[in-house]
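A.B. asks: mind folding the following:
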Amino acid sequence: MAIPTKDDIFLSTKGELEALTQERYSNYALITNLLKTTSSVFGDMYEYVEKKLQNTFFLENLTFDELQNFGSKLNKPLLQGTFSSGNALFFSATAGIDVPVNSNLYINDSVYITTTYGYTTQQNILCNATRVNTIATIKSSTSLNIPTGSVVNITGFTETNFNQNNVSVVAIDEYTLQYEVQNTGLTSDSNGYVSFIGAFVNVKSNDTGLATELTNGTLLAHSIPNITSVLTSFNGITGGTDQETQTAYLQRVKNVFLNRYRSDSRKNIISTIQSFNNTITQGVYYNDYNYTLPIKSITKDPTINNDYQRKIECEIPHKLRNLTYFKKIYGSSKASLNIASNNSNNRAISKIYDDYSFLINVPNTVDEDSTSSNMNIEMSGFKTALVLYKGNSAIKTLTQEEINAIYTYLETEELSFDSPSNSYIIFSATQDIKSIVISNLYPKTSTLINNIKNNIFDYVNTMAKIGQPIKKSQIESIIENTTDNNNIAVQSFTTNLTSDLVPTSSFHIISVPKNNITII
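C.D. replies: Numbers count the residues shown, from 1 in each chain. Purely as a prediction, here's the structure:
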């Protein structure tokens with residue numbers, strides 16, 4: 001292919017250029033040559049052209065096939081549809097009927113296959129019963145997973161009105177069923193059974209897409225001998241998604257393409273995580289992070305047969321992940337345990353047992369200590385720490401699944417960071433819930449009380465960041481300066497605050513819910 005000159009590019013339309021050179025050019029080839037040309041012409045404008053013009057003029061003019069090819073080069077393939085899956089209840093008139101793997105089930109034009117083997121048995125599930133008029137409700141302490149439309153036997157109750165044969169039930173939740181009875185007899189009873197002959201079998205759609213999802217109790221056709229009926233279980237068949245549309249894929253590729261050049265600023269990291277998980281309301285970002293942990297004990301692990309490692313038991317959860325070394329240990333009554341800073345390999349963390357304990361590499365002269373009361377270990381060894389917490393709930397802690405999902409997101413989605421798990425450590429902060437009691441308030445009008453509560457709550461909400469204390473003086477100032485709707489200010493009050501409300505560590509926030517602000 002002949003490479004056009006800059007004059008060819010600037011003075012010709014695509015058609016004129018192809019007529020001039022007797023060649024055909026893809027959009028990719030043209031924009032690449034344009035960038036090479038503008039690089040030499042505009043110099044410092046090259047980066048701007050690379051970021052903006054390629055995105056605007058190049059990506060939007062690709063065919064869908066070309067877009068997928070380009071996206072794959074960015075490690076962002078088109079998102080294919082997913083297969084829905086779930087559980088189904090296979091009923092039989094007799095026990096001992098096999099439900100083979102890869103048996104077909106049908107509804108409309110959709111096909112589902114069994115992915116686990118089933119064997120029908122007599123099911124007897126213990127439950128309690130209550131009745132309101134003609135509606136009986138039975139509950140089990142274990143998951144029934146029986147769907148609406150199931151025909152079962154209710155047996156074993158002393159109140160015979162609850163006992164019904166071949167009764168169709170409505171599933172209220174996984175543990176609760178309802179059915180009709182006569183409006184007579186006792187209104188509650190216990191220790192009865194939901195009984196039926198059947199088997200719970202995992203099934204999966206044979207095609208992808210949202211339309212393959214099925215709701216609780218959907219009746220499926222089948223050709224399995226001696227199986228009388230098949231119903232999707234209480235939670236149905238879920239998880240089906242459609243293939244990503246061209247419009248959505250184009251936008252995702254655009255985001256990835258531009259964000260590959262985006263700096264990993266504090267604002268970008270935290271805001272992007274929040275866009276991924278909108279329950280995260282606050283993030284604090286630390287560079288060259290290190291911190292100190294109080295130690296309960298330093299001992300040998302009897303399962304490890306060497307003298308070069310010690311198990312550290314912490315007073316608080318250590319929240320360590322991806323660390324490479326500790327800096328020093330101090331505060332022990334045994335001199336050999338007061339290890340000075342040293343970043344060599346003998347300071348490495350070699351194993352994490354659980355949230356409170358981990359294993360370190362040490363010289364063989366290091367002693368054991370389970371009695372000293374003020375031992376500490378300083379941790380370090382990673383580039384950046386993110387402390388995140390969630391709002392609108394009493395517990396702010398992220399689950400490990402959420403933390404893993406954020407790592408995956410940073411590695412694969414819009415920010416396109418290189419190996420963030422090697423560069424970042426993500427912690428979860430927990431909420432330290434406090435109460436504020438205001439007494440002897442004068443005047444004590446409803447408007448003034450409401451305004452004080454709102455103003456204190458707004459202040460606490462603003463300060464509810466990692467490491468930010470709630471100042472006693474500020475709370476008192478807020479009360480003193482609050483007025484009611486007639487501009488009447490507070491004249492006197494007392495509070496239960498004796499000092500500032502200070503977070504106990506970098507992984508805690510102070511919170512005072514509005515209903516914990518009491519005025520008496």
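
A.B. asks: looking at the protein, which helix or strand is least sure?
C.D. replies: Lowest mean confidence among the helices and strands of the chain (mean pLDDT, DSSP states H and E): helix 46-48, at a mean of 47.

A.B. asks: which residue, other than its chain neighbours, is closest to residue 448?
C.D. replies: Spatial nearest neighbour of residue 448, excluding adjacent residues (C-beta to C-beta, 6 or more residues apart in numbering): residue 484 at 4.2 Å. From N, CA and C alone the C-beta is placed, and that goes for glycine too.

A.B. asks: for the stretch 301-450 of the chain, which spans come out with low pLDDT?
C.D. replies: 319-324, 340-348, 381-384, 391-395, 411-424 (pLDDT under 70).

A.B. asks: for it, what spans make up the strands?
C.D. replies: Per DSSP state E, counting those that start in this stretch, the stretch 301-450 of the chain carries strands over the ranges 309-314, 325-330, 349-352, 357-361, 376-380, 384-390, 424-428, 430-433, 436-442.

A.B. asks: let's have these in CSV, adding distance to residue 222 and mean neighbour count.
C.D. replies: Shown next, in CSV, are those (distance: least, C-beta to C-beta, whole Å; neighbours: other C-beta atoms under 10 Å):
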stretch, distance to residue 222, mean neighbour count
strand 309-314, 56, 20
strand 325-330, 60, 20
strand 349-352, 49, 14
strand 357-361, 53, 20
strand 376-380, 59, 18
strand 384-390, 44, 22
strand 424-428, 46, 23
strand 430-433, 50, 17
strand 436-442, 63, 16
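
A.B. asks: in JSON lines, list those along with distance to residue 369.
C.D. replies: Below are the strands of the stretch 301-450 of the chain laid out as JSON lines (distance: least, C-beta to C-beta, whole Å):
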{"stretch": "strand 309-314", "distance to residue 369": "9"}
{"stretch": "strand 325-330", "distance to residue 369": "9"}
{"stretch": "strand 349-352", "distance to residue 369": "18"}
{"stretch": "strand 357-361", "distance to residue 369": "13"}
{"stretch": "strand 376-380", "distance to residue 369": "12"}
{"stretch": "strand 384-390", "distance to residue 369": "28"}
{"stretch": "strand 424-428", "distance to residue 369": "27"}
{"stretch": "strand 430-433", "distance to residue 369": "29"}
{"stretch": "strand 436-442", "distance to residue 369": "41"}
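
A.B. asks: so which of those is nearest residue 223?
C.D. replies: Nearest to residue 223, of all the strands of the stretch 301-450 of the chain, is strand 384-390, at 49.0 Å by C-beta to C-beta.

A.B. asks: which strands and helices lie in contact with the closest one?
C.D. replies: Secondary-structure packing of strand 384-390 (3 or more C-beta pairs under 8 Å, 6 or more residues apart in numbering; DSSP states H and E): helix 266-276, strand 280-287, strand 424-428.

A.B. asks: repeat that for 7 Å
C.D. replies: strand 280-287, strand 424-428 (3 or more C-beta pairs under 7 Å, 6 or more residues apart in numbering; DSSP states H and E).

A.B. asks: in CSV: those, plus distance to residue 328.
C.D. replies: What follows is the helices and strands packed on strand 384-390, written out as CSV (distance: least, C-beta to C-beta, whole Å):
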stretch, distance to residue 328
strand 280-287, 19
strand 424-428, 19
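
A.B. asks: select, out of those, the one closest to residue 339.
C.D. replies: Of all the helices and strands packed on strand 384-390, the one in closest proximity to residue 339, counting by C-beta to C-beta, is strand 424-428 (22.4 Å).

A.B. asks: which helices and strands does that closest one pack with?
C.D. replies: Using 3+ C-beta pairs under 7 Å, 6+ apart: strand 424-428 touches strand 384-390, helix 400-412.

A.B. asks: quick one: the last one to helix 266-276, angle?
C.D. replies: Think helix 400-412. On the basis of axes from the mean of the first three to the mean of the last three C-alpha atoms, to 10 degrees, helix 400-412 is oriented at 120 degrees to helix 266-276.

A.B. asks: just checking the distance from helix 400-412 to the centre of its chain.
C.D. replies: Put simply, helix 400-412 sits 8 Å off its chain's centre (C-alpha atoms, centre = their mean, to the nearest Å).

A.B. asks: pull out the buried positions in it.
C.D. replies: For helix 400-412, a neighbour-count test (16 or more other C-beta atoms under 10 Å) marks 402-403, 406-407, 409-411 as buried.

A.B. asks: same question for stretch 128-135.
C.D. replies: 128-129, 131.

A.B. asks: again, but for stretch 179-189
C.D. replies: Going by 16+ other C-beta under 10 Å, stretch 179-189 has these buried residues: 179, 181, 189.

A.B. asks: do stretch 220-230 as well
C.D. replies: So stretch 220-230, judged by 16+ other C-beta under 10 Å, has buried residues 220, 222, 224, 227-230.

A.B. asks: out of these, what pair is the most spread apart?
C.D. replies: 220 and 228 (12.3 Å).

A.B. asks: next, the contact list for the closest residue to residue 471 other than its chain neighbours, please.
C.D. replies: Once flanking residues are discounted, residue 471 sits nearest to residue 500: 5.3 Å by C-beta to C-beta, 6+ apart. Residue 500 is in contact with 469-472, counting by C-beta atoms under 7 Å, 6 or more residues apart in numbering.
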